[in-house]
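Colleague: Pasting a predicted model and its sequence here:
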Amino acid sequence: MPSGWLSHKDFEALVAEAVKGLPREFRRRLENVAIEVQEEPSEEALEAVGLEPDESDELLGLYWGRSIQGDSFFDTGGQLPDRVYIYRGPILRVCETADEVVREVQDTVVHELGHHFGLSDDDMPY
């Protein structure tokens, strides 16, 4: 499936739906988190997680900030808001169907927001 088949606007709508689908008690605690769709991970993001530029498809999202428990995930130096980046290009390239894209967006949003709530990668359900 070509990576450009889903527009940026439509992809953003999938991300918004994933956030809207979270339980209310979690959504209420996201007031200091900006969720942003980017086409590709930046060099800085890849470097922060120890990936080379040719490994960019391995990074589908990134939480940049401090968890509500105070743990640092690529600390912003106290700058608010914390940020969740969801990377459109890599997600579209690793998925073969529209259903896979929807599921991957949901999983990636939940995973990255899990960091906001203090979960490590090992604590995540997927």
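Modeller: Okay, I see it.
Colleague: Only C-alpha atoms from now on, for both contacts and neighbour counts.
Modeller: Fine.
Colleague: buried stuff in stretch 43-55?
Modeller: Along stretch 43-55, these residues count as buried under the neighbour rule (16 or more other CA atoms under 10 Å): 45-46, 51.
Colleague: Could you do stretch 30-41 as well?
Modeller: Applying a neighbour-count criterion of 16+ other CA under 10 Å, one finds 30, 33, 35, 37, 40-41 buried in stretch 30-41.
Colleague: Next: stretch 15-23.
Modeller: Using 16+ other CA under 10 Å as the burial criterion, the residues of stretch 15-23 that qualify are 15-16, 18-19.
Colleague: Including pLDDT and secondary structure, could the buried residues of stretch 30-41 go into TSV?
Modeller: Formatted as TSV, these follow (pLDDT from 0 to 100; DSSP: H, G, I helix; E, B strand; the rest coil):
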residue	pLDDT	secondary structure
30	90	helix
33	92	strand
35	95	strand
37	98	strand
40	96	coil
41	97	coil
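Colleague: Show the pLDDT at residue 83.
Modeller: According to the prediction, residue 83 has pLDDT 92.
Colleague: Look up how far residue 6 lies from it.
Modeller: The gap separating residue 83 from residue 6 is 23 Å, by CA to CA, to the nearest Å.
Colleague: pLDDT averaged over the longest helix along the chain, what's the number?
Modeller: If each helix of the chain is counted by residues according to DSSP state H, the longest one is helix 98-116. Per-region confidence: helix 98-116 scores 94 on mean pLDDT.
Colleague: List the residues that contact the residue nearest the centre of the chain.
Modeller: Centroid-nearest residue in the chain, with CA atoms, centre = their mean: residue 61, separated by 3.2 Å. Contact partners of residue 61, counting by CA atoms under 8 Å, 6 or more residues apart in numbering, are 84-87, 108-109, 112.
Colleague: thinking again about what came up before, looking at residue 83 and residue 6, which one has more neighbours?
Modeller: When residue 83 and residue 6 are compared on other CA atoms under 10 Å, the one with more neighbours turns out to be residue 83, at 20 against 15.
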